[in-house]
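Visitor: Okay, sequence plus prediction incoming.
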Protein chains: 4
Amino acid sequence: MQDENVKVGLIGLGYWGPNLIRNFMSAGQCKLTAIADLQTEKLEKFKKLYPGIETYSNPTDLINNNNIDAVVIATPVFSHFSLAKAALEHDKHVLIEKPMASSVKEAETLIELASKWNKLLMVDHTFLYTGAVKKIKELIDNNDIGKIRYIDSTRINLGLFQPDINVLWDLAPHDISILNYIYPEQPIAVHAVGICHTSNDIENIAYLTLKYQNDMIAHFNCSWTSPVKIRKFLIGGDKKMIVYDDMEPTEKVKLYDTTYDYKNKDDRRKILVDYRTGDIFVPKLSTTEALVGVVNDFIHSIVNQTPPISNAALGLNVVKVLEAAQQSIKQKGKEILIPNTKA
Amino acid sequence: MQDENVKVGLIGLGYWGPNLIRNFMSAGQCKLTAIADLQTEKLEKFKKLYPGIETYSNPTDLINNNNIDAVVIATPVFSHFSLAKAALEHDKHVLIEKPMASSVKEAETLIELASKWNKLLMVDHTFLYTGAVKKIKELIDNNDIGKIRYIDSTRINLGLFQPDINVLWDLAPHDISILNYIYPEQPIAVHAVGICHTSNDIENIAYLTLKYQNDMIAHFNCSWTSPVKIRKFLIGGDKKMIVYDDMEPTEKVKLYDTTYDYKNKDDRRKILVDYRTGDIFVPKLSTTEALVGVVNDFIHSIVNQTPPISNAALGLNVVKVLEAAQQSIKQKGKEILIPNTKA
Amino acid sequence: MQDENVKVGLIGLGYWGPNLIRNFMSAGQCKLTAIADLQTEKLEKFKKLYPGIETYSNPTDLINNNNIDAVVIATPVFSHFSLAKAALEHDKHVLIEKPMASSVKEAETLIELASKWNKLLMVDHTFLYTGAVKKIKELIDNNDIGKIRYIDSTRINLGLFQPDINVLWDLAPHDISILNYIYPEQPIAVHAVGICHTSNDIENIAYLTLKYQNDMIAHFNCSWTSPVKIRKFLIGGDKKMIVYDDMEPTEKVKLYDTTYDYKNKDDRRKILVDYRTGDIFVPKLSTTEALVGVVNDFIHSIVNQTPPISNAALGLNVVKVLEAAQQSIKQKGKEILIPNTKA
Amino acid sequence: MQDENVKVGLIGLGYWGPNLIRNFMSAGQCKLTAIADLQTEKLEKFKKLYPGIETYSNPTDLINNNNIDAVVIATPVFSHFSLAKAALEHDKHVLIEKPMASSVKEAETLIELASKWNKLLMVDHTFLYTGAVKKIKELIDNNDIGKIRYIDSTRINLGLFQPDINVLWDLAPHDISILNYIYPEQPIAVHAVGICHTSNDIENIAYLTLKYQNDMIAHFNCSWTSPVKIRKFLIGGDKKMIVYDDMEPTEKVKLYDTTYDYKNKDDRRKILVDYRTGDIFVPKLSTTEALVGVVNDFIHSIVNQTPPISNAALGLNVVKVLEAAQQSIKQKGKEILIPNTKA
């Protein structure tokens, strides 16, 4: 009888890799059989913990291993494309750390390859699997908040300055992936401004604004240089509003029976705005670790050939926004149009 | 023997006017002798409370009254210029509600008139007189936080939609006046985006970014449409950082011994960033009502012929930013240069 | 035609008196016609504000005034009894500041007098008229939280050391009155301990525990000597629990769908406890000033001859607990039984 | 050459045992060589993780192992005494989970045995090794807060009802050990009241008050039945005050330049109390895991034959308070004297 488990190889033992290892080790229907990293000391450390595991100091060797069904890529962003491309071309399913790739072109190429070889291509947008975001999605799908009018996110703290990507590419993927997940429309244009306090042109503060065809607006405040940690995400609907504060230990999501509405009068200047503040509802959230959800969704989607929540199309949408925002920053906040998404 | 008190007349009994009346009534070295408003019912109400007061349903009559030394203008923004101009031309000192005027041109004309007639022209930027802002100014002047690298403000709540000015002109003057007070440089350019959820082109959400000749950035998040009230003002220095949270009942200002610094290495990509988090200091703040400070500064500046804290040049700087930001919003976030200030 | 308004006289222009004056002045169906205080300067000050008012430097003269229907007593506790007794005997309705009297005997005598002369006797337990306590009462009456198992209150801050009453008589009346209002049973015994950090035997910290015939317990932590202000009131029910945090600007009352329950097994040691944590509901609260409710209830109860919410029986219950607690403190925390209440 | 490492055996793989294992595994100068638990499944689980470890389903066998130098006892309280006694008699150093034993008699016997056999006896009062408590101790030793006047602790949440010990023995050891560590005097008497909401006489809510020869008071509020988690510890000094809020993610310890003082006047009733509120200082805290400190102190004390911070005398003091409090609870809150400690 054959082993039905999905055999998984993981590349990259940096900050996030070990978390993925721990979760793949305890997940069902799969077996983590190999890991790769350029630093052999890291490989040895994990070899001691998991004596049965194969280790590779060259990721290509892991990708070439025919006994591996799926590859997890937890390396710096610049290497996502080449590793994922190689893995897809070697008939592997692929899970990539966020952001999916360094450019829209790269992301689109990966999607084409996955389609061509009929492989699963998924991005690890972990936040989509948190109890908080799942509950927010449920509230929105249930039409509890009505038509969304604005989204406003602040994600700031004293964070590690990354050497190769700016704060936008580091922090904003979380918020943009959540936005994509909960709001069906795609933005048509982006404005972004940023500032670099070092001398390497890598911004450590960035402000990003997305515009839509309707009167919805989304704004993201990202910083590695705040003395306090703030993770606050507001969603304004025309029926109710949501505040998602990830720093709250338990009461992360609050649904406010608060909104405003207006009636046009004959005279354009005379607008009657109705304000309403009401009760607040604080739903209980699932406390399952989000990464368990990522790993299970990846394996389940391979086994059942179904699309995952954090699919490649969503990953591409995130990169589209990042790329346009990057252009806007470099052009001093000029409005940059976002190309249409083939939904 | 002559009455040495400054005789004050006040125009506008809307939201803020009664607060000014209460404070002028109890202040020293002055006497509030007259009030004006188009609505006679409002005049009658205050006449009952203060039987000795003169009332005018036509502001021009108050301005023409030769027994009045100083005029306080607490009317909607669009009328600031004409009333202040008339008052200055009738040899009155003038205190104007924020923002000073509807345009840079108006503000500059008023400054010229005040100079010509040798009258005091002051703007009621009340926040400059709060215990919190005074303490922040003191910490900065004392070089406690070092060189300022960024300012980030969020001022949002479910606020009244104004019929004649947008959220930028309504809320941002508070933050821009604080910025002007604590940071000596003037911005060179502004980006702003906004959205209007009614049909009168009056934005209820606006995001504003200021750029400077050095690597300082300032960002303001203004909204009338948040389910929660946030008043948070971050100041990042290269020695320490300040968080000013106006929603805190007593611990409004916190000085964080937290910052980051970097050393350039030969290779531009190899930047060594030093992070430091340390103790926090929460200074005791004066709890005197800010408006007492405004009124005393106005009267004291008239009597002693000294410049007030919230002087007309600062008021003009605020209007310059607002006007440029307004242009940027209407031009979809395009960068707008701010004309030089004659400091 | 006769004046149908209740004519009210107020005694005591200390801390609370002016608030009562302001509210009686603007209430309907009544007219504040006279005030009394031993300090004539205070009388003069209010005479200026309200020229039509009669002033008395001797409270007895106010009480003897036949044109007054109701007397409000806002004096120090030690004088409540003699003033209220005199007022009732002069055919006046009476509203007394909390606590009602210095002893159970005094409180009972006043109730008898009020009954004998058929006058309204009411105590100003202001908290019963707050939006928060009204909502809590509503939730409990609606059986939302089930059977109450415990009440735990903390009311501490850096407060004024009173010269004649200890922290228990100063702060606990608020909590005990709320307890009496929301929980129908009367306690059977009290334990209290306290400490005095001055040399006048007036405790500035006190801990009070109430026991009931069933398995309900109530505990009160009172202090004038905390560096932080805490006003937290927990109510544990066997269905849900309430946290009432009076320091929260708007979200004062939270209803937690959280509780525990147990099933006895054969073996006494083997108890199966079910824990449940669930959603939280934060109801919108009325923001009407509580003192408006007190004044309206007093006047309405006089006019309609109906019992007020904060009636004398409740006021007596509060004094019973205070008196027993005081005995317990002086006897080093000994359990003191509370005499039965004639309900 | 001989192995200089202290060889450690651990008994008890319940809630806390695995944390101790993890820390002993990574500590220096020692080697965890054996574990014991009555449940063989638990032993097998750890055997897999640490293949070199010896496992015992009978703790006595571990204690009898002559290759073990030190025994860590992480079992339920009722078994602490017999296991520790056996270990000491078999010439082992001993680290016991808190509380040290079920009675003062047991704790004293263990201290005598440790002294007789010249072995280290230490109690795992983990909180003494937190960055917060270490900083508080430093502030107090530095005389920053002056003479301590009160300590007030609240430690409540929806906690597991223990089957064999009440909430007092479960939660209060944390606070009493901190109290013992930071305050040199021993209490002379205790009052405690509690309530049991199950039918096994095991209290789930308890209030505990300690009295001292001077005018210091300490109060502890313990509950397994609160919908919200509160961990707040106030220390009032005559110079400054400390608030230690363990639920704060980073700002756990705040030093308030706030206090009160009084001057006696001739008349006992006329006391002049000075109030002072001032700046707040929030010190940076060490973030080293507290259990690392416990393990290092244990090993270091064995190797260097020096006394640990969390020594047996402190452990005994904690048990003295618990035993007296337990008596007080069962005698309805009666004051129970605490026997003198041989310091």
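Guide: Looks like it arrived, so ask away.
Visitor: Could you list the residues of the stretch 1-150 of chain A in contact with chain B?
Guide: Proximity of the stretch 1-150 of chain A to chain B is assessed by CB under 8 Å from any CB of the partner chain, with A:149-150 identified as the residues in range. Glycine gets a C-beta too; all of them are placed from N, C-alpha and C.
Visitor: where do the helices sit along the stretch 1-150 of chain A?
Guide: Ranges of helices in the stretch 1-150 of chain A, per DSSP state H, counting those that start in this stretch, are A:17-26, A:40-49, A:59-64, A:80-89, A:104-116, A:131-141.
Visitor: which one of those helices lies closest to chain C?
Guide: helix A:131-141 (10.3 Å; CB to the nearest CB).
Visitor: That closest one: which residues count as buried?
Guide: Residues of helix A:131-141 classed as buried: A:131-136, A:139-140 (neighbour count, 16 or more other CB atoms under 10 Å in any protein chain shown).
Visitor: out of the helices of the stretch 1-150 of chain A, deepest packed?
Guide: Among the helices of the stretch 1-150 of chain A, helix A:80-89 has the highest mean neighbour count (mean count of other CB atoms under 10 Å in any protein chain shown), at a mean of 22.
Visitor: between that one and helix A:104-116, how big is the angle?
Guide: Using axes from the mean of the first three to the mean of the last three CA atoms, to 10 degrees, one finds that helix A:80-89 and helix A:104-116 are set 10 degrees apart in direction.
Visitor: check contacts around the residue in the stretch 51-200 of chain A that chain D sits nearest to.
Guide: Shortest the stretch 51-200 of chain A-to-chain D distance, computed as CB to the nearest CB: residue-wise this is A:Pro51, at 9.0 Å. Listed by CB atoms under 8 Å, 6 or more residues apart in numbering or on different chains, the contact set of A:Pro51 is empty.
Visitor: before we move on, the earlier item: tabulate the buried residues of helix A:131-141 (TSV), appending pLDDT and distance to A:Lys270.
Guide: Supplementary listing: the buried residues of helix A:131-141 in TSV, determined by pLDDT from 0 to 100; distance: CB to CB, whole Å:
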residue	pLDDT	distance to A:Lys270
A:Gly131	97	45
A:Ala132	98	41
A:Val133	98	40
A:Lys134	98	43
A:Lys135	98	40
A:Ile136	98	36
A:Leu139	98	34
A:Ile140	98	33
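Visitor: if we can go back for a sec, so what's the residue of the stretch 51-200 of chain A closest to chain D scoring on pLDDT?
Guide: Here, the pLDDT recorded for A:Pro51 equals 84.
Visitor: circling back: quick one, which of the helices of the stretch 1-150 of chain A is nearest to B:Pro283?
Guide: Of all those, it is helix A:131-141 that lies closest to B:Pro283, at 35.3 Å by CB to CB.
Visitor: Can you name every helix or strand that that closest one contacts?
Guide: For helix A:131-141, the contact count by 3 or more CB pairs under 8 Å, 6 or more residues apart in numbering or on different chains; DSSP states H and E identifies helix A:167-182, strand A:225-237, strand A:241-245, strand A:253-256 as packing neighbours.
Visitor: What parts of the stretch 201-343 of chain A come near chain C?
Guide: Listed as neighbours of chain C in the stretch 201-343 of chain A under the rule CB under 8 Å from any CB: A:251, A:254, A:257, A:277-284.
Visitor: so which pair among the residues you listed is furthest apart in space?
Guide: Largest separation among those by CB to CB: A:Thr277 and A:Lys284, giving 23.3 Å.
Visitor: And those two? Which one has more around it.
Guide: Each of A:Thr277 and A:Lys284 had its neighbours counted (other CB atoms under 10 Å in any protein chain shown), and the higher figure belongs to A:Lys284 (18 against 14).
Visitor: Any figure for the gap between the residue most central in space within chain A and A:Phe233?
Guide: What sits nearest the mean C-alpha location of chain A, by CA atoms, centre = their mean, is A:His125, with 3.2 Å. When CB to CB, to the nearest Å is the yardstick, A:His125 and A:Phe233 sit 14 Å from each other.
Visitor: Identify each buried residue in the longest helix along chain A, please.
Guide: For chain A, the longest helix by residue count, based on DSSP state H, is helix A:312-330. Judged by neighbour count (16+ other CB under 10 Å), helix A:312-330 contains these buried residues: A:312, A:314-326, A:328-329.
Visitor: now the angle between helix A:104-116 and it, please.
Guide: Relative orientation of helix A:312-330 with respect to helix A:104-116: 170 degrees, computed using the same axes, to 10 degrees.
Visitor: Say whether chain B is contacted by helix A:312-330.
Guide: No. Using CB under 8 Å from any CB, helix A:312-330 stays clear of chain B, coming no nearer than 8.6 Å.
Visitor: I'd like to check the angle between that helix and helix A:167-182, please.
Guide: Computed by the same axes, to 10 degrees, the angle between helix A:312-330 and helix A:167-182 is 140 degrees.
Visitor: helices and strands around helix A:312-330, which ones?
Guide: Where contact means 3+ CB pairs under 8 Å, 6+ apart, helix A:312-330 is packed against helix A:104-116, strand A:121-124, helix A:167-182, strand A:189-195, strand A:205-211, strand A:336-337.
Visitor: hmm, 6 Å instead?
Guide: In terms of contacts (3 or more CB pairs under 6 Å, 6 or more residues apart in numbering or on different chains; DSSP states H and E), helix A:312-330 is packed against helix A:104-116, helix A:167-182, strand A:189-195, strand A:336-337.
Visitor: relative orientation of the longest one and strand A:241-245 in degrees?
Guide: What that stands for is helix A:167-182. For helix A:167-182 against strand A:241-245, the angle by the same axes, to 10 degrees is 140 degrees.
Visitor: Now tell me what touches helix A:167-182 from outside.
Guide: Contact with helix A:167-182 is made by A:98-99, A:125, A:127-128, A:133, A:136-137, A:140, A:151, A:153, A:155, A:162, A:203-204, A:206, A:218, A:220, A:222, A:224, A:314, A:317-318, A:321-322, A:325, as judged by CB atoms under 6 Å, 6 or more residues apart in numbering or on different chains.
Visitor: ok, residues contacting the longest helix of chain A?
Guide: Where contact means CB under 6 Å, 6+ apart, the residues beyond helix A:312-330 that reach it are A:99-101, A:103-104, A:107, A:111, A:121, A:123, A:168-169, A:173, A:176-177, A:180, A:190-192, A:194, A:208, A:334, A:336, A:338, A:341.
Visitor: Mark which of those are buried, thanks.
Guide: Here the buried ones among the contacts of helix A:312-330, as counted with 16+ other CB under 10 Å, turn out to be A:99-101, A:104, A:107, A:111, A:121, A:123, A:168-169, A:173, A:176-177, A:180, A:190-192, A:194, A:208, A:334, A:336, A:338.
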